[in-house]
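**Student:** test case, fold it:
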Amino acid sequence: MTKTEEAPAAPRSLRSWLMKGVREERQAHLAPHPSPEQTEKTHHWWQVMCLTGVDYFSTLGYQPGIAALAAGAISPIATVVLVALTLLGALPVYRRVARGSPNGEGSLAMLERLLSFWKGKIFVLVLLGFAATDFIITMTLSAADATAHLVENPHLEPFLTGHQVVITLVLLALLGAVFLRGFKEAIGVAVILVVIYLSLNVVVITVAFGQVMAQPALWSDWRAALTQAHGNPWVVVGIALLVFPKLALGLSGFETGVAVMPHINGDSDDTPAHPAGRIRGAKRLLTTAAVIMSIFLITSSLVTTLLIPPAEFQPGGAANGRALAYLAHEYLGSTFGSVYDASTIAILWFAGASAMAGMLNLIPRYLPRYGMAPQWARAVRPLVLILTLGAFIITIIFRADVDAQGGAYATGVLVLITSAAVAVTLVARRARQRGLTVAFGVVSLIFIYTTAANILERPDGVKIATVFIAAILIVSLASRFARAFERRVTDVTFDKTAQLFIRDTARRTIRFIANEPDSRDRAEYSDKLRQVIRDNDLADPNDVIFIEITVTDPSEFASHLDVCGEVQHSRYRVLTLSSSTVPNALAALLLAVRDRTDRLPHIYFEWTEGNPAANLIRFLIFGVGEAAPVTREVIRRAEPDRDRRPHVHVG
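**Tutor:** As a prediction, this is how the structure comes out:
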């Protein structure tokens, strides 16, 4: 069992401040980063929907303007296409994700289970890079749009014009400061912000529709603009299908929706393996959020297209990045418009908080389990500083321009949704559900097209994602290799036969022979025993136990060892076990035997043929290689007292 103690008090310093709250773990049989039991307070599904809504619903602050800028007069039709894809594509996909991954791992966990060995881990790391793009750009885009609402406010415009980058950096710094100080309960604040913001949007859109109804010429002018520019109505629909990938920001929020599932109340009879109530609540959350957002997307796109002059959507225009705010000031006065601006600024800023919280939860969920997290990654503050610095760099590169960041944001969103669609397609195929396989396959193809079109049109997202992917891969693999010589075993259990073998030999000297299982015939054991006796001059050739390890998935960092004893050919005692690596398992087994018997065991190896460097690489990637020196090194790191280390012999 692991002893977990609070780290001793350290002098006040930058390091102690950064690592505050991280506990020092002295391990006996547990692998790094054990998951402590958490008793999180849960909430009604609609309350949790508001937590995802600060990200999802806040896109109304800039989505109508981006849609009008991308699609022009066709924007409402392209938005209808987007809504159809949302309700008929993304929503069914994520309802299936909620059922298949109910503990908040999201679609990444489904793909991880479908892809084995290193290809699964690397693929997840790549997707984490796109997730980082999504969340970081959520922070920078939301802060930039909050700045746009500040700067364009009639009361503040004379003082703030020209300082967009500085204001955005200040907002991001304030966001980082919240997490450096400690971010506690967000759902209560999110509920208030979402209710106020959506209520104000209902008022703005209702008043705007009143203006449209009072001016029938607006409809005829819009229809004339469509027919004059594109002629045949089917051409309009075709163009809408081509341009709707530019509107993909309206698809954000689904991945966050499944990530927050652990916060949803379940039924009293829910179990960790079958949380039916939580899954049902998550499906309600996803469906309700999608329907609400779909209604707002269509209505806001329609009124902004009809009422706002096209020139105002262009960079520098009064409606650029703030179309609904433009209507609020235009038709409800500057006082209401300022209230609307304040609400929009608050929810946009808090959308960044949602994104930050998502990254702080997502990174520790995967990297520590892969052995790919440095020591400081267990602390919140270093991650907050790195994420905030990344947001600063992105903001400066894009000069706090909402339009310029739209492509990068859409890329991150679309890649995650595409991966989720592919994951549920593969799951349906594995379950032999032909109808669902075809349906999800069609949705996957649509999202693949949408993602590819967005990348070709706006490659900034891929460029940014490539930087994040490279950083995650480099840091993760370097950390994995640096931690390769840790014990990496959660615990060791022995069956009755194995216990009998160890108890018997503990009366004399415990001697193990490491044997790579091959044919496991009598000749294999007798030849191995003869060689070890010759190389090490053993006195009693019969008083030994063979150890055979089967390597399972070498990409897994930690293993649980179930040690089974058996007698081969009525003579040879053998302990068999499975592990992700051979040397780490042997070291953990020797230390467990030492602790069980209070005797120092001996283990005998033969030297492995081949280049030592190549054998080291084999160990790092495949869990095998030159076992003897690595086993000794793992023991050395796990046991600082030389007099308590098991003996390693090589001949």
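**Student:** for the rest of this, base every contact and every neighbour count on C-alpha atoms.
**Tutor:** Fine.
**Student:** distance from the chain centre to the longest helix out of those in the chain, please.
**Tutor:** Of all segments of type helix in the chain, defined using DSSP state H, the longest is helix 323-366. With Cα atoms, centre = their mean, to the nearest Å as the basis, helix 323-366 stands 23 Å off its chain's centre.
**Student:** report all helices and strands that that helix contacts.
**Tutor:** If you count contacts as 3 or more Cα pairs under 8 Å, 6 or more residues apart in numbering; DSSP states H and E, helix 323-366 packs onto helix 45-56, helix 63-71, helix 117-152, helix 164-181, helix 187-214, helix 276-307, helix 380-398.
**Student:** how far off centre is the first one?
**Tutor:** Just to be clear, that refers to helix 45-56. 18 Å.
**Student:** which other residues reach that helix?
**Tutor:** Helix 45-56 is contacted by residues 138, 186-188, 190-191, 193-194, 250, 252-253, 256-257, 260, 263-265, 281-282, 284-286, 289, 293, 347-348, 350-352, 354-355 when judged by Cα atoms under 8 Å, 6 or more residues apart in numbering.
**Student:** all strands of the stretch 401-550 of the chain, in order?
**Tutor:** Using DSSP state E, counting those that start in this stretch, the strands of the stretch 401-550 of the chain run over residues 489-494, 511-514, 545-551.
**Student:** closest to N320 out of the ones you listed?
**Tutor:** With Cα to Cα as the measure, strand 489-494 is the member of these nearest N320 (55.0 Å).
**Student:** what comes up buried for that closest one?
**Tutor:** By neighbour count on 16 or more other Cα atoms under 10 Å, the buried set for strand 489-494 is 489-492, 494.
**Student:** stretch 460-468 now?
**Tutor:** For stretch 460-468, by 16+ other Cα under 10 Å, it's 460-462, 464-466, 468.
**Student:** ditto for stretch 471-491
**Tutor:** Neighbour counts over stretch 471-491 (16+ other Cα under 10 Å) mark 472-473, 476-480, 483-491 as buried.
**Student:** quick one: which of the residues you listed is nearest R181?
**Tutor:** The closest of the buried residues of stretch 471-491 to R181 turns out to be I472 (Cα to Cα; 25.5 Å).
**Student:** closest to P612 out of the helices and strands packed on helix 323-366?
**Tutor:** Across these, P612 has its closest neighbour in helix 117-152 (22.5 Å, Cα to Cα).
**Student:** and the residue nearest the centre of the chain, what pLDDT?
**Tutor:** Nearest to the geometric centre of the chain sits L362, at 3.9 Å (Cα atoms, centre = their mean). pLDDT for L362: 73.
**Student:** how near is G412 to P583?
**Tutor:** To P583, G412 is 40 Å away according to Cα to Cα, to the nearest Å.
**Student:** OK, contacts around M261?
**Tutor:** Contacts for M261 (Cα under 8 Å, 6+ apart) come out as 98, 102-104, 278-279, 282.
**Student:** over to S570?
**Tutor:** Residues counted as contacts of S570 (Cα under 8 Å, 6+ apart): none.
**Student:** can you report phi and psi for it?
**Tutor:** In terms of degrees, to the nearest 10, the main-chain angles of S570 are phi 60, psi 20.
**Student:** what's the distance between it and T168?
**Tutor:** 76 Å.
**Student:** then H560?
**Tutor:** 48 Å.
**Student:** what does V415 give?
**Tutor:** Distance, V415 to T168, using Cα to Cα: 26 Å.
**Student:** hmm, back to that, of the helices and strands packed on helix 323-366, which approaches Y370 most closely?
**Tutor:** Proximity to Y370, assessed across these by Cα to Cα, is greatest for helix 117-152 (7.8 Å).
**Student:** what's downstream of the closest one, the next helix or strand?
**Tutor:** As assigned by DSSP states H and E, the chain's next helix or strand after helix 117-152 is helix 157-160.
**Student:** does H649 touch A627 like I think?
**Tutor:** No - if you go by Cα atoms under 8 Å, H649 and A627 don't touch, sitting 11.4 Å apart.
**Student:** which one of those two is surrounded by more residues?
**Tutor:** Neighbour totals were compared for H649 and A627, and A627 leads with 23 against 17 (other Cα atoms under 10 Å).
**Student:** one step back: L82: which of the helices and strands packed on helix 323-366 is closest?
**Tutor:** Closest among these, once you apply Cα to Cα, is helix 276-307, at 8.6 Å.
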